[in-house]
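*Asks:* sequence isn't available, so here's the structure alone:
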Ligand SMILES: [Zn+2]
């Protein structure tokens, strides 16, 4: 077992140290934040449905017009 060779930073493609690097696989915190920003920004294509599971769950729990059935405001 020897030390890992530097891996190319996914953001700037410069060799990033692996050992003792809290920001790996990025070369620096700056590149790590850039990558994070891309995700948040939506620049990366995310496979699958875009619907938020939490949103779908909330939609199913919309309260129905319970207790007001049959009563018409003009009646
Ligand atoms: Zn970098």
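*Replies:* On my side now, so go ahead. These figures come from a predicted structure and were not determined experimentally. Numbers count the residues shown, from 1 in each chain.
*Asks:* what sits up against the lengthiest helix in the chain?
*Replies:* Determined from DSSP state H, the single longest helix within the chain is helix 29-41. If you take Cβ atoms under 8 Å, 6 or more residues apart in numbering as the criterion, helix 29-41 is touched by 9-12, 16, 22-23, 26, 44. No exception for glycine: its C-beta is placed from N, CA and C like everyone else's.
*Asks:* list the contacts of the nearest residue to residue 31 once chain neighbours are set aside.
*Replies:* In space, and not counting its chain neighbours, residue 31 is closest to residue 11: 3.9 Å by Cβ to Cβ, 6 or more residues apart in numbering. Residue 11 is in contact with 26-27, 31-32, 34-35, counting by Cβ under 8 Å, 6+ apart.
*Asks:* rerun at 6 Å
*Replies:* Contacts for residue 11 were tallied using Cβ atoms under 6 Å, 6 or more residues apart in numbering; they are 31, 34-35.
*Asks:* swap in residue 26?
*Replies:* With contacts defined as Cβ under 6 Å, 6+ apart, residue 26 is in contact with 9, 16, 32.
*Asks:* distance of the last one relative to residue 72?
*Replies:* The spacing between residue 32 and residue 72, counted by Cβ to Cβ, to the nearest Å, is 60 Å.
*Asks:* sketch out the low-pLDDT regions of this protein for me.
*Replies:* Where the chain drops to pLDDT under 70, the residues are 1-3, 43-59, 61-71, 75.
*Asks:* can you give me the helices for it?
*Replies:* Counting by DSSP H, the chain has helices at residues 29-41, 53-60.
*Asks:* if we can go back for a sec, of residue 32 and residue 72, which one has the most company?
*Replies:* residue 32 (19 against 6; other Cβ atoms under 10 Å).
*Asks:* quick check: closest non-adjacent residue to residue 16.
*Replies:* Residue 16 sits nearest to residue 27 (Cβ to Cβ, 6+ apart), 3.7 Å away.
*Asks:* separation between that neighbour and residue 20?
*Replies:* Note on residue 27: its distance to residue 20, by Cβ to Cβ, is 13 Å.
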